[in-house]
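J.: The following block contains a protein sequence and its predicted model.
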Amino acid sequence: MAKTKTIYVDPDASGSNDGTSWTDAYTGLNTAISSSAADITPLGSDEIHQYLCRSSSGTADSIGSTTMTFAGYSTTLTNYISISGVDSFDGVWDTSSYRMVRASGTNADIFRANGTWDAVLKFQNLQIQCLRNANFITAFDFNHGTNTPNIFDVEIDRCIVRGPGASAVSLSWGIDIRSIGDAPACNMVIKNSLWYDWGRNVYEQGGTGQDSFEFFNNTCLRTTNESIANYTNTSSMKWYNNIILSGDTGTGLRFNYGDHDYNASNDTTNASTNDVDLSSISSLTEIFDTPTGDGDFNLVANAPVIDEGTDLSSSGVTGDIAGTARGATWDIGCFEYVAASTPEEGKYSDQARVLYIS
């Protein structure tokens, strides 16, 4: 059984700030990663390095002015680096829960793993926002150029990844997944996550050595360019059950290649058999609860994406971004629709008619 070393992060911690407990947690993830780097290099063959993040009083983690870079770590599929939020925000941006915010004046990506190193990374249940509005600034930079890592496995699950806003420059990206020539982007799984307010939410351009990329049950919207740009010509690129929009109208995606179906978009370019055409919608309120501001992207009743997805449980997708189990017929996007509960008709009628006289 793998040994798990836990490092605690809480911007509101007031103890010794050495990451050994919630009381003594590091007050920033960037500091936690840089301070514990010696322990990660290299990881033991049976060790998991786990960063747990919370905000006990609602303070944001400003994450400093430098990129959190993962380099030189000897990771494998059984010994890896995990970064997880423990606060429950139910898939809706919550200022009382743990959230990473990169300041507008900081010219740096948030996370980076690029180069010749091994990188097995898992990101789960996180709120991430980059306020820096500049070209080539990303939340996740997995562009490793002409280098070929031995292992490059990344999982992003149940995360909110926000950009600088409605005026985001076109070359700001939620995630940059590029490799040049025969350098593979290797194995990546991105699921049940919410991406919005970027130039492009996803920019993918792999080489001929691309191994595996799975993009399942995500919601991507409110971009100033294509919401998704996909350029890799290989069936190992799989895009299923995603809502892909660019604001209320406009270019939602550019699916040039890959295996894609059961997606919903206002752009029908290269549409597949089971895709849902959203080009006729006049407002995002036809799909989402509150699609403005911080946003609540839960599905409204009668949203055209309800029951239009395909079952991906065999691919490791279980619940939705809020942890809700998927229904018998899956919905498209990061949220599974849950009807509001109402009292059963007449359940309390008899009791209401009782009159007590003393």
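T.: That came through, no problem. In this text, all values refer to a predicted model and were calculated from it rather than measured experimentally.
J.: any idea which element S34 lies in?
T.: Taking DSSP states H and E as the definition, S34 sits inside helix 29-35.
J.: Can you give me the buried ones in that helix?
T.: The neighbour-count check on helix 29-35 (16 or more other C-beta atoms under 10 Å) flags 29-33 as buried. Where you see a C-beta, it was placed from the backbone N, CA and C, and this is true even at glycine.
J.: Return the item of those residues having minimum pLDDT.
T.: Sorting those by pLDDT puts I33 at the bottom of the list (88).
J.: from what I can see it touches M68, true?
T.: Yes: counting by C-beta atoms under 8 Å, I33 does reach M68; the two are 5.3 Å apart.
J.: Could you list the low-pLDDT ranges of the protein?
T.: 1-2, 37-46, 71-76, 114-119, 144-152, 179-186, 205-211, 232-235, 247-257, 341-358 (pLDDT under 70).
J.: what about the helices in it?
T.: Under the criterion DSSP state H, helices of the chain are mapped to 29-35, 37-40, 349-352.
J.: In JSON lines, list the buried residues of helix 29-35 along with distance to N143.
T.: Converted to JSON lines, the buried residues of helix 29-35 look like this (distance: C-beta to C-beta, whole Å):
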{"residue": "L29", "distance to N143": "21"}
{"residue": "N30", "distance to N143": "20"}
{"residue": "T31", "distance to N143": "25"}
{"residue": "A32", "distance to N143": "24"}
{"residue": "I33", "distance to N143": "20"}
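J.: now, among the residues you listed, which is nearest to A340?
T.: L29 (36.1 Å; C-beta to C-beta).
J.: which one is that closest one nearest to, not counting chain neighbours?
T.: Excluding its sequence neighbours, the residue lying closest to L29 (C-beta to C-beta, 6 or more residues apart in numbering) is V9, at 5.1 Å.
J.: Thought L52 was touching the one you found, still the case?
T.: Yes: counting by C-beta under 8 Å, V9 touches L52, with 6.8 Å between them.
J.: quick one, which of those two is more surrounded?
T.: When V9 and L52 are compared on other C-beta atoms under 10 Å, the one with more neighbours turns out to be V9, at 28 against 19.
J.: Now do the contacts for the more buried one.
T.: Listed by C-beta atoms under 8 Å, 6 or more residues apart in numbering, the contact partners of V9 are 19, 25-29, 32, 51-54, 61, 98.
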